[in-house]
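*Asks:* Sequence first, predicted model second:
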Amino acid sequence: MKNKKNIRFHFLSSFLSMLLYLGCAGFIYPQYIYKPSANRFELTGGFNFSHIKQIENSNSGTPFLGIQLQVPLSEKYFVRTGAELAYFEYSNFTSYPRIRNIYLKVRMVPQIKIANFIKFGVGLQGSLLLNSSIISLGENTNTTSLYPLQSEFGSTLDYYIGFDVDLYNRVGIGVNLSGPFTEPTYTIRNIQFSVHYALNGENEKKPSPKDIANQQIRDLKNGVLLVRLKTSTSKIKALQKAGYTDEAAKVEQEQLKDSKEIMQAFADGFSFCQVRFFTSDKSLQIKNRMFKNVFVDEGLKIDSTIVVPEKETFFIADFDYVSNDTVAYFSNYKTEQTSDGPARVPEYYGGTEIDFSALVISDSNFIQLQKPFPFYTRTAFKSYKKNPVQLIFLFPVALISDTWSYDDVVKKMDKKLLKFYNQSK
């Protein structure tokens, strides 16, 4: 009995070690990105917790090992098929005698994606009984004996209800409930917890910040820069509502003057790539790639003849604030289907924190880029204009500043982009 206990202990230890390794594999190598195959072939293992309905306190917790295949039918619907080898041991109150059943379980489960990484499925499972035995103590309590069991246990057709969650890279977990449709002499109901590890697909090296920046500068060179012009609509309406009509008119005129100066600065000093202009109230349409009747001409009027293809790669330029710690970092590009064909769009994680004013370049999701991309040029003149007292404290810095106007800022940004582009070749 001790030998068999040792064998079982080593088996369970090895099995748990394998699950731990598979569960951590995606985190050990974070520099790699897993790109799954269309049909995902997985190794699966875990534990079954079951009981026999007709026998009180007949609980079992035993491991299983199997393989499964996930086939996508569409972006939302999948079919998961698989087979596993599992054994169950049951006893009533005392350790012995025990009932040991060994099954080959085969299932087919249609699934629906109910969240980004979660799938729910209801399907059928066939439980083929391979062996049924009784384990009892021998004459010497240090040994056990195994006898074939001529019992009412048999193969069954089961219902199967479960959830699968894709965790990280190749690793996923699952939980499911199964039981027979019919009521045999002994009815076994089972809850299963599993870990899945994809055996196919590719591990690609995760791009470094330098690789990402080099790709972005090439995309910008071949794409279009959309410059956002502020309207101050909320401020103007608030002043008008409060009865400060003169102040509202003054804000509106100053904003129009700024916008025209910005447009002229790009026309005179920016040649790195194509440029289009839109007002800030059209930001949502731009983000959703709705490019009809959103771009303005020199008079800040909507011009329907100014167009950008829906699948065009674009970036956003804005006189705004640079985040001191941009926690929304670029992750990778993915391809999405649009009405004008497939388009490459970036994915991110995180958020932002305000710091200093500058001409800032962001991506198509209005998330500012990251170093080493030259994504901003400071607008010192705006800070000094808004708070003249700063000149007293920053006088030495102001003397060497080369960005005293929109023209200066735009020209400097153009030079920085061109220099970085040449270095990326």
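*Replies:* Right, received. Where do you want to start?

*Asks:* and residue 312, how many neighbours does it have?
*Replies:* Residues lying near residue 312 (other CB atoms under 10 Å) number 18. Yep, even glycine has a C-beta here, placed from its N, CA and C like the rest.

*Asks:* my guess is it contacts residue 225, does it?
*Replies:* No: Residue 312 is not in contact with residue 225 according to CB atoms under 8 Å; the separation is 11.1 Å.

*Asks:* Between the two, which contacts overlap?
*Replies:* Counting by CB atoms under 8 Å, 6 or more residues apart in numbering, residue 312 and residue 225 have no shared contacts at all.

*Asks:* Would you mark the buried spots in stretch 179-198?
*Replies:* Of the residues in stretch 179-198, 179-180, 186, 188, 190-192, 194-198 count as buried by neighbour count, 16 or more other CB atoms under 10 Å.

*Asks:* Please disregard the earlier target; I meant stretch 226-243.
*Replies:* 226-232, 236, 239.

*Asks:* could I get that stretch in CSV with only the CA atoms?
*Replies:* Below are the C-alpha coordinates for stretch 226-243, written out as CSV (Å, rounded to 0.1, in the frame of the first residue of the first chain):
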residue,chain,number,x,y,z
LEU,A,226,-4.6,65.2,-38.8
VAL,A,227,-4.3,68.4,-36.9
ARG,A,228,-6.9,69.1,-34.3
LEU,A,229,-8.0,72.7,-33.9
LYS,A,230,-9.8,73.6,-30.6
THR,A,231,-13.1,75.4,-30.7
SER,A,232,-13.5,76.4,-27.0
THR,A,233,-17.2,75.7,-27.5
SER,A,234,-17.9,74.7,-23.9
LYS,A,235,-16.2,77.8,-22.5
ILE,A,236,-18.0,80.1,-25.0
LYS,A,237,-21.4,78.7,-24.2
ALA,A,238,-20.8,78.9,-20.4
LEU,A,239,-19.9,82.6,-20.7
GLN,A,240,-22.9,83.3,-22.9
LYS,A,241,-25.2,81.5,-20.5
ALA,A,242,-23.8,83.5,-17.6
GLY,A,243,-24.4,86.7,-19.6
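
*Asks:* Low-confidence ranges, the protein, go.
*Replies:* 1-37, 57, 91-96, 137-152, 183-185, 202-204, 323-355, 381-403 (pLDDT under 70).

*Asks:* The lengthiest strand in it - contacts with which helices or strands?
*Replies:* Counting by DSSP state E, the longest strand found in the chain is strand 118-137. Counting contacts by 3 or more CB pairs under 8 Å, 6 or more residues apart in numbering; DSSP states H and E, strand 118-137 is packed against strand 77-90, strand 98-113, strand 144-148, strand 156-168.

*Asks:* let's go with 6 Å and repeat that
*Replies:* In terms of contacts (3 or more CB pairs under 6 Å, 6 or more residues apart in numbering; DSSP states H and E), strand 118-137 is packed against strand 98-113, strand 144-148, strand 156-168.

*Asks:* Counting by contacts, list what the first one packs against.
*Replies:* Read that as strand 98-113. strand 77-90, strand 118-137.

*Asks:* right, so the ones you listed: which one is the most enclosed?
*Replies:* strand 77-90 (a mean of 18; mean count of other CB atoms under 10 Å).

*Asks:* picking up where we left off before, so how far is the longest strand of the chain from its chain's centroid?
*Replies:* Relative to its chain's centre, strand 118-137 lies at 34 Å (CA atoms, centre = their mean, to the nearest Å).

*Asks:* Name the strands paired with it and say parallel or antiparallel.
*Replies:* Strand 118-137 pairs in its sheet with strand 98-113 (antiparallel), strand 144-148 (antiparallel), strand 156-168 (antiparallel), by DSSP bridges.

*Asks:* got the ones you listed as TSV, with mean neighbour count columns?
*Replies:* As requested, the strands paired with strand 118-137 are exported to TSV (neighbours: other CB atoms under 10 Å):
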stretch	mean neighbour count
strand 98-113	19
strand 144-148	13
strand 156-168	17
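
*Asks:* To residue 82, which of those strands lies closest?
*Replies:* strand 98-113 (5.8 Å; CB to CB).
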